[in-house]
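In: I would like to see how this sequence folds:
(2 chains)
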Amino acid sequence: MRYLPKSPAERTHMLSEIGVASIDELFAPIPAQFRLNRDLCIPPQMAESEIVDWFRARAAENGSGYDILLGAGAYNHYRPLVIDSLISRGEWFTAYTPYQPEIAQGTLQAIFEFQTMICELTGMEVANASMYDGSTAAAEAVMMAMRITGRTSAILARSVHPEYREVIATYAKYQGLPLTEVNFTSNGRVDLAALDAAITAQTACVLIQSPNFFGTIEDVAAIADLVHAKGALLVVSIAEALSLGIVRPPSQADIVAMEAQSFGVPLSYGGPYAGVIATREQFIRQIPGRLVGQTTDRNGKRGFVLTLSTREQHIRREKATSNICTNQALVALMVNIYMDVYGREGIKGLAEQNLAKAAYARRTLGAKAKVLFDGAPRFNEFVLQTSEEAYEISHRLAEKKIIGGFPLTKFYPELGNAAVWCATELTSRAAIDAAASEVNA
Amino acid sequence: MSNQDIRKASTHISQNEGLIFEHSSPGKKAYRLRSLDVPEIDAAAELGDALRTESAALPEVSEVEIIRHFTRLSTWNYAVDHGMYPLGSCTMKYNPRVNEVVARLDGIAGAHPYQPEMISQGALRIMKSLADQLIEITGMDAITLQPAAGAHGELTGILLMRAYLESKGNPRKRVLIPDSAHGTNPATAAMVGYQVENLRSNQNGMVDLAALEAQMSEDVAGLMLTNPNTLGIFDEQIAQIAEILHRKGGLLYMDGANMNALVAKARPGDFGVDVMHLNLHKTFSTPHGGGGPGSGPVACKAYLEPFLPKPVIVETVVGTLRLDYHRPQSIGRVRAFFGNFGMFVRALAYIMANGPDGLRQTTEDAVLNANYLRKKLEGTFDLPYATPTMHEVVFSDKLQSKLGIKTGDIAKRLIDYGFHPYTVSFPMVVHGALMIEPTESEPLEELDLFVDAMKSIAQEAIDSPELSRNAPNSTRLSRLDETAAARKPILRWKPEVK
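Out: Predicted structure coming up:
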């Protein structure tokens, strides 16, 4: 086996040094009736070239070269080539959690930079080293709000990504955390009056998403006023991180739970992505996951370490802020590199291009069908209501090598035949025009 | 030994490098936007009050500076590609390159999670193949790939346990956890609303059966057991443990962190485990990435299958695959989309490269390496449990701490010898633990160098203890002040006020 660095003679030598006659003796602690005395029923060893062939065949079944007019929590943005070039260095991807800071300063400094950039983007004061993804970050943020406030229920906007809400429901179920939902109005934004009525003295937090699942940007300031007036916290979930290049950051929020996939992370059929939690400094002792802090060595030189670990499971066990251990460090590194490539001006320019493409798509598709929620600003997604079922349109578009919008029928039946469409800097005008020609009025 | 005599490593020039922000200067850039093929837009008119008025202060740097920055930083890391990385319970094995290549193929890395099923057949086939093979490897009946890491798998597994018990009428109140367990186990049980009850180990480092018998009741949902446990010991009473739990209607959860000791040699499904997680980043060679992404599939017996997270993949009569969301008893979702798919690709490529014989040889070599180290270091370091070990061995610093040298000092001195340290001070059942897991990836030469280093450090503890106390002596930075970092946390960079 090509990954195993030993000759038969070396194995024999080692066994004799250990003082056993055969390898089987080392497996003697496993009771005989549980030892597997047959080959596993899995395919035989394959050569490297055969493995590549097999996966190429699977990739072909998936199809590639499609124009993607679909977002809904996973966004098709360009990935600068330096990202994979850099993260393919073994020093990055074959290291682990930086438990030994003297030989992990690369990882630690990169995370420190990441935390800084996330603060800059979101308008928060501190950010952690990453969470699994946007959905679990949102769930952890809700539980964090519960610990901070000592209150025992939460309100979710119905315009939050449906799968995020499902994840939160799973996490909340046994935390004694009842969840209620608040609806949206005809402009796609949270219904403020309904929200005001829903918040009680037991509401730990209100979770909104902005831009929300329909692509609509919420009035974060107005919602924050309302939530804070009743002593609850505001958690803002962001699924499309690139929006922050041009959209006002949710600085009135108490916790921001973000999915950073847009920043240089491949779509990869849904993962791995990178979640983040960012918050105000006063709440850092309740933040879940790893944090990197600056310190000095014995000679006074600047260095970085994992810090405030008394929040974490390996110290606090059942009283920890979360059970999270391994997070998404390598993905956070991609995000870091992406933010360096585009920088202050590029992120803004790129976000403007998304805005322009989405506006064009909205106009073009809107000429054939009805665009919903026109009364509020949007970033790069919008909802289109058609006479025909969204799945029918998807089907037809797929034949033209276009991936159409996400059908909303399952989660928002009241919207009829509607789908949420997305245009990014990679969506060509030709693809938008072609899609529009398949949409029947 | 003086540092010049160290055989594995020498010092070399290491480039200094500041924070990326410190290279920033307005107007520098590392990108060019595409030309816009649609009309430009007035962002202010489009967004109104929602327009961002102050740009995020991201660095402004050129491409070459980015390449140098992250290359320089990378050289400050120790990695599996440098040499032995014997972090116990972390299974730092070699990460095959073919895994990385196939995960980046266009049709795989570029697949949108919501693209229609008819153009997702390749992705679904990858998931189905991996699921089938992991089921065979674990001896279980069903699996979900959705959890994003080991701890997330634990959460999923305990949720399954709870949902199942609830369906039987009583979710029960407590979960038993041995004192040698990973911290994630009690943290997980608490997240699912269970009280954690500590279970004592016996003098052999295994579950104390009498204690288990006494603590087991109709109030106990189950036991979270790592097997082999964190001492590297396979609990030979596993059948009795399962029997005690099952007799009172409890379930056996296995933390699969140490599955590298078992693959192709024994199957948890055969020895009474009801539900378990795997760590694809440990056992199945997906890279650790400086702390993730991981992937924590959860395998279970048939009676837990209805409760698995949704969706699940099903094969249609015509052989195509589809996602089934209609799962009325499901615990729900634990993550958006389908899990860390890129890790499934890598794990499957690893299993394909190994086949049944390769996986068996891998496990045998992992256990061989650990036992070789144990034999060579026994006597030099205190071995708190004489029980045979599997894939990892735990010593204590009992002999060296008498001389004022603790496990943490030995670990730091190992860095000077060119090794990543073992896991320090864990498991907590051993005072001053040195938890060593070499994995199968180490050649004999590297193991011998490690043995020499450890013996030399033990001798230094007698002759020149300051070498360990001050270690590491050859790194860019000396020991870092973790206390100061926690007392007054600086968690982000800020520009100097001039």
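In: how far away is A:Ala169 from A:Asp133?
Out: 16 Å (CB to CB, to the nearest Å). To be clear about C-beta, it is placed using only N, CA and C from the backbone, and glycine gets the same treatment.
In: between these two, which one's more packed in?
Out: When neighbours are counted by other CB atoms under 10 Å in any protein chain shown, A:Asp133 comes out ahead of the other of A:Ala169 and A:Asp133, with 32 against 16.
In: So A:Phe382 belongs to a strand, correct?
Out: Yes. Assessed with DSSP: H, G, I helix; E, B strand; the rest coil, A:Phe382 lies in a strand.
In: and the helix or strand of chain A with the lowest mean pLDDT with chain B, contact?
Out: The least trusted helix or strand in chain A, going by mean pLDDT, DSSP states H and E, turns out to be helix A:313-316, with a mean of 84. Yes. Under the criterion of CB under 8 Å from any CB of the partner chain, chain B is reached by helix A:313-316 at A:Gln313, A:His314, A:Ile315, A:Arg316.
In: Including neighbour count and distance to B:Glu40, could those go into a markdown table?
Out: Below are those laid out as a markdown table (neighbours: other CB atoms under 10 Å in any protein chain shown; distance: CB to CB, whole Å):
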| residue | neighbour count | distance to B:Glu40 |
| --- | --- | --- |
| A:Gln313 | 25 | 50 |
| A:His314 | 15 | 52 |
| A:Ile315 | 11 | 53 |
| A:Arg316 | 17 | 53 |
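In: returning to that earlier point: who touches the least confident helix or strand of chain A?
Out: Residues outside helix A:313-316 that contact it (CB atoms under 8 Å, 6 or more residues apart in numbering or on different chains): A:309-310, A:320, A:322-325, B:151, B:182-184, B:186-187, B:426.
In: now that helix, how far from the centre of its chain.
Out: 25 Å (CA atoms, centre = their mean, to the nearest Å).
In: and the next element down the chain from that helix?
Out: Where DSSP states H and E defines the elements, the next helix or strand beyond helix A:313-316 is helix A:329-366.
In: Ramachandran coordinates for the closest residue to B:Gln133 other than its chain neighbours?
Out: Excluding its sequence neighbours, the residue lying closest to B:Gln133 (CB to CB, 6 or more residues apart in numbering or on different chains) is A:Ile42, at 4.9 Å. Here is the backbone geometry of A:Ile42 (degrees, to the nearest 10): phi -130, psi 160.
In: who touches A:Ile42 in this structure?
Out: Applying CB under 8 Å, 6+ apart, we find A:Ile42 in contact with B:Gln133, B:Glu136, B:Ile137, B:Ile351, B:Gly355, B:Pro356, B:Leu359.
In: again, only using 6 Å
Out: B:Gln133, B:Glu136, B:Pro356 (CB atoms under 6 Å, 6 or more residues apart in numbering or on different chains).
In: nearest to chain A, of those?
Out: Nearest to chain A, judged by CB to the nearest CB, of the contacts of A:Ile42 is B:Pro356 at 3.9 Å.
In: Please name the nearest non-neighbouring residue to the closest one.
Out: If you skip the residues right next to it in sequence, B:Pro356 has A:Asp39 as its closest partner in space, 3.9 Å away by CB to CB, 6+ apart.
In: And for the one you found, the neighbour number?
Out: The local packing of A:Asp39 (other CB under 10 Å) involves 13 other residues.
In: so it touches B:Gly358, yeah?
Out: No. Using CB atoms under 6 Å as the test, A:Asp39 is too far from B:Gly358 to be in contact (10.7 Å).
In: State whether B:Leu223 is indeed within a strand.
Out: Yes. Assigned with three-state DSSP, B:Leu223 falls within a strand.
In: related to what we said a few turns ago, which of the contacts of helix A:313-316 sit farthest apart?
Out: Largest separation among those by CB to CB: A:Ser322 and B:Phe426, giving 19.0 Å.
In: quick one, which of the two is more surrounded?
Out: Comparing A:Ser322 with B:Phe426 by other CB under 10 Å, the one with more neighbours is A:Ser322, at 27 against 21.
In: ok, of the contacts of A:Ile42, which come out buried?
Out: Burial by neighbour count, 16 or more other CB atoms under 10 Å in any protein chain shown: within the contacts of A:Ile42 this picks out B:Gln133, B:Glu136, B:Pro356.
In: Identify the residues contacting the second one.
Out: Taking CB under 6 Å, 6+ apart as the contact definition, B:Glu136 lies against A:Leu40, A:Cys41, A:Ile42.
In: Chain B versus the first one, what's the distance?
Out: In other words, A:Leu40. Here A:Leu40 is placed at a distance of 4 Å from chain B (CB to the nearest CB, to the nearest Å).
In: nearest spatial neighbour of A:Leu156, skipping sequence neighbours?
Out: A:Leu207 (4.8 Å).
In: Tell me, what's the model's pLDDT at that neighbour?
Out: A:Leu207 carries a pLDDT value of 98.
In: Strand partners (parallel or antiparallel) of the helix or strand where it lies?
Out: Element membership of A:Leu207 [criterion: DSSP H and E] is strand A:203-209. Strands that pair with strand A:203-209, judged by DSSP bridges, come out as strand A:153-157 (parallel), strand A:233-238 (parallel).
In: What lies in contact with that strand?
Out: Contacts for strand A:203-209 (CB under 6 Å, 6+ apart): A:142, A:145-146, A:149, A:151, A:153-157, A:160, A:190, A:218, A:227, A:232-237.
In: do the same with stretch B:175-191
Out: So stretch B:175-191 is contacted by A:313-314, A:317-318, A:320, A:323, A:325, B:151, B:154-155, B:158, B:194, B:196-199, B:201, B:220-221, B:223-224, B:229-230, B:427, B:429 (CB under 6 Å, 6+ apart).
In: and A:Gly245, what does it touch?
Out: Taking CB under 6 Å, 6+ apart as the test, what A:Gly245 contacts is A:Ile347, A:Lys348, A:Ala351.
In: List the contacts of the closest residue to it other than its chain neighbours.
Out: Nearest residue to A:Gly245, sequence neighbours excluded (CB to CB, 6+ apart): A:Ala351, at 3.0 Å. Residues in contact with A:Ala351, defined by CB under 6 Å, 6+ apart, are A:Leu242, A:Gly245, A:Ile246.
In: Could you double-check that A:Lys230 sits in contact with A:Ile199?
Out: Yes. Shown here, A:Lys230 and A:Ile199 form a contact pair, counting by CB under 6 Å, at 4.6 Å.
In: So which of these two has more stuff around it?
Out: Set side by side, A:Lys230 and A:Ile199 show more neighbours around A:Ile199, with 20 against 14, by other CB under 10 Å.
In: ok, so what distance separates that one from A:Gly150?
Out: Distance from A:Ile199 to A:Gly150, by CB to CB: 16 Å.
In: where in the stretch 151-300 of chain A is pLDDT low?
Out: Applying pLDDT under 70 to the stretch 151-300 of chain A picks out no residues at all.
In: Now the residue in it that chain B sits nearest to: closest residue in space that isn't a chain neighbour?
Out: Per CB to the nearest CB, the residue of the stretch 151-300 of chain A with the smallest distance to chain B is A:Gly270, at 2.7 Å. Nearest residue to A:Gly270, sequence neighbours excluded (CB to CB, 6+ apart): B:Phe337, at 2.7 Å.
In: Good, wrapping up.
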